[in-house]
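Visitor: What follows is a predicted structure for the sequence shown.
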Amino acid sequence: MTNTDTANDSADRAAVETVPSGDRTGGDGESTSPESAPPASPSTDPIVEARGLTKTYGSGDDAVTAVDDVDLAIERGTVVGILGPNGAGKTTTIKLLLGLILPDAGEALTDGVDVIDSPRVGYRAVGAMLEGARNVYWRLTVRENVRYFARLGDRPADPDRIDALIEQVGLTQKADTTVNELSRGMKQKTSLACTLVRETPVVFLDEPTLGLDVESSLDLRRELRTLVDEEERTVILSSHDMDVIEAVCDRVVIMNEGRVVADETIDDLLSVFRTQSYRVRLDGTLTAETKSTLESTVNATDWVEQGETTQFDAPAVQGDAFHEMLATIRTSQAAFRSVDLLEPDLEEIFLDVTDSEDDE
Ligand SMILES: Nc1ncnc2c1ncn2[C@@H]1O[C@H](COP(=O)(O)OP(=O)(O)OP(=O)(O)O)[C@@H](O)[C@H]1O
């Protein structure tokens, strides 16, 4: 089989570059006999699964456990975002799930099939964009690339679909330009179109919006949602772009130091972290004594005093504390202008989760 287990993953990258989206026929002694199709599984079974995946690079003092006993079960027809600081193990996890590198322990399954034991079965179901634009052929035009990758699928995409995809990634004007004449962002878009054109049930995208302009990034979000909502495909993407994750993902997996530290739907994650925090705006000023009471009762913080207006935040206000806060303010000369519930965004949650893990 073509997998290599090496501290330097250039061989994995070469595999991605030369047979980018999943045809490893004849590589490194891998059997070329057709493997049986994946067993039909009930649609409730996860389409992608990690069971105790562990991967350490190097050995001795230099050993780095990039992925540490990771379990994941990804449902069909969902968009799952993998988030984490640099070096958290996102790319290594994706490479393990693709069978591009060997785990030290655990299993990676696509549609119930072990991708290490049966890489061709796994790859038939999976398209992947890794390492930005390294997987496209730079001497071919955009259209030639997309057409080539379409042919790797079981059912080549029709020319209209190819043109539509090229248009969707905003490259219609450059369709007949060779890739080596394109900007970095345009190469990235070509790579993306090549990944999507095979119409595989599962699509892995590592940092898909890197290098894209704002408009293309918005187009990509729409395209990803369409893939999932209308075509019932499954998308697993890693990104540092919280806006993309929040806008398109159903679920988010947060990794830190090789481990999964949160795995929730976006809605659950937001509600778990939706502490009762308020931003209070007042017309008037507060005495030092009132401020001090608010600081001790509701941890009032982030004071902003401008002219005759006062603003502060009251984090984690629970039980009767909210009414006590209002009562305290009513004893002052200040009048309420507004009291707003603060909604955390994904970025704050991400920092909160990874910071508390680091503290531990
Ligand atoms: N081929 C390799 N050889 C040795 N160490 C590696 C290799 N690839 C990754 N690592 C190490 O494994 C850890 C996880 O890396 P990985 O690329 O999976 O993280 P990541 O979450 O994708 O990071 P980033 O957000 O920076 O892309 C890091 O400490 C990294 O230095």
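Guide: Cool, the structure landed.

Visitor: where does this protein dip in pLDDT?
Guide: Applying pLDDT under 70 to the chain picks out residues 1-43, 131-133, 153-156, 272-275, 316, 344, 356-360.

Visitor: How is it divided into domains?
Guide: 10-271, 275-342 (automatic domain parsing).

Visitor: Can you pull out the residues in contact with the host helix or strand of R222?
Guide: Assigned by DSSP states H and E, R222 belongs to helix 214-231. Here helix 214-231 makes contact (C-beta atoms under 8 Å, 6 or more residues apart in numbering) with 77-79, 168-170, 185, 189, 192, 196, 199, 203, 208-209, 212, 233-235, 237, 241, 244, 247-248, 250. Quick note: C-beta positions are derived from backbone N, CA and C, even for glycine.

Visitor: CA atoms only: put it into CSV for me.
Guide: The C-alpha trace of helix 214-231 is given here as CSV (Å, rounded to 0.1, in the frame of the first residue of the first chain):
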residue,chain,number,x,y,z
VAL,A,214,-13.9,38.1,0.7
GLU,A,215,-16.3,37.6,-2.2
SER,A,216,-14.9,34.1,-3.1
SER,A,217,-15.0,33.1,0.5
LEU,A,218,-18.7,34.0,0.7
ASP,A,219,-19.3,32.1,-2.5
LEU,A,220,-17.5,29.1,-1.1
ARG,A,221,-19.7,29.1,2.0
ARG,A,222,-22.8,29.1,-0.1
GLU,A,223,-21.4,26.3,-2.3
LEU,A,224,-20.6,24.2,0.8
ARG,A,225,-24.0,24.6,2.2
THR,A,226,-25.5,23.7,-1.2
LEU,A,227,-23.4,20.5,-1.3
VAL,A,228,-24.8,19.5,2.0
ASP,A,229,-28.4,20.7,1.9
GLU,A,230,-29.2,19.7,-1.7
GLU,A,231,-26.7,16.9,-2.5
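
Visitor: For it, which residues meet the burial criterion?
Guide: Neighbour-count burial for helix 214-231 flags 216-217, 219-221, 223-225, 227-228 (criterion: 16 or more other C-beta atoms under 10 Å).

Visitor: what do you get for stretch 112-120?
Guide: Those would be 113-116, 118-120, for stretch 112-120 by 16+ other C-beta under 10 Å.

Visitor: ok, now stretch 136-143?
Guide: Buried, per 16+ other C-beta under 10 Å, within stretch 136-143: 136-137, 140-143.

Visitor: who touches it?
Guide: 20, 144-145, 148, 162-163, 166, 171, 174-180, 182, 186-187, 190-191, 193-194.

Visitor: Can you flag the buried ones in those?
Guide: Burial by neighbour count, judged by 16+ other C-beta under 10 Å, picks out 20, 144-145, 148, 162, 166, 171, 174-175, 179, 182, 186-187, 190-191, 193-194 from the contacts of stretch 136-143.

Visitor: Okay, strands next: where are they in the stretch 251-360 of the chain?
Guide: 251-256, 259-265, 278-283, 301-306, 309-314, 335-341 (DSSP state E, counting those that start in this stretch).

Visitor: Which among the contacts of helix 214-231 count as buried?
Guide: Those of those that meet the buried threshold are 77-79, 168-170, 185, 189, 192, 196, 199, 203, 208-209, 212, 233-235, 237, 241, 244, 247-248, 250, by 16+ other C-beta under 10 Å.

Visitor: Sitting in strands, which of the residues you listed do you find?
Guide: 79, 203, 234-235, 237 (DSSP state E).

Visitor: now, among those residues, which is nearest to the ligand?
Guide: Among those, L237 lies closest to the ligand (C-beta to the nearest ligand atom), at 12.1 Å.

Visitor: separation between the closest one and S296?
Guide: Here L237 is placed at a distance of 45 Å from S296 (C-beta to C-beta, to the nearest Å).

Visitor: for L182, same thing?
Guide: Distance, L182 to S296, using C-beta to C-beta: 60 Å.

Visitor: Point out the residues in this structure that sit beside the ligand.
Guide: Applying C-beta under 6 Å from any ligand atom, we find that the chain lies next to the ligand at 7-9, 57-58, 64, 66, 84, 86-92.

Visitor: Give the buried subset of those as a ChimeraX selection command.
Guide: Remark: buried members of the residues of the chain next to the ligand, expressed as a ChimeraX selection using 16+ other C-beta under 10 Å:
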select :9,57,66,84,88,89,90,91,92
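
Visitor: Which ones among the residues of the chain next to the ligand map onto strands?
Guide: Residues of the residues of the chain next to the ligand located in strands (DSSP E): 57, 64, 66.

Visitor: Spell out the residue ranges of the helices in this structure.
Guide: In the chain, helices defined by DSSP state H lie at 10-18, 90-98, 119-124, 142-152, 159-168, 184-197, 214-231, 242-248, 266-272, 288-298, 321-330, 346-359, listed in chain order.

Visitor: Same list (those) but as TSV, adding distance to R337.
Guide: As requested, the helices of the chain are exported to TSV (distance: least, C-beta to C-beta, whole Å):
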stretch	distance to R337
helix 10-18	56
helix 90-98	43
helix 119-124	58
helix 142-152	55
helix 159-168	46
helix 184-197	44
helix 214-231	34
helix 242-248	29
helix 266-272	26
helix 288-298	16
helix 321-330	11
helix 346-359	24
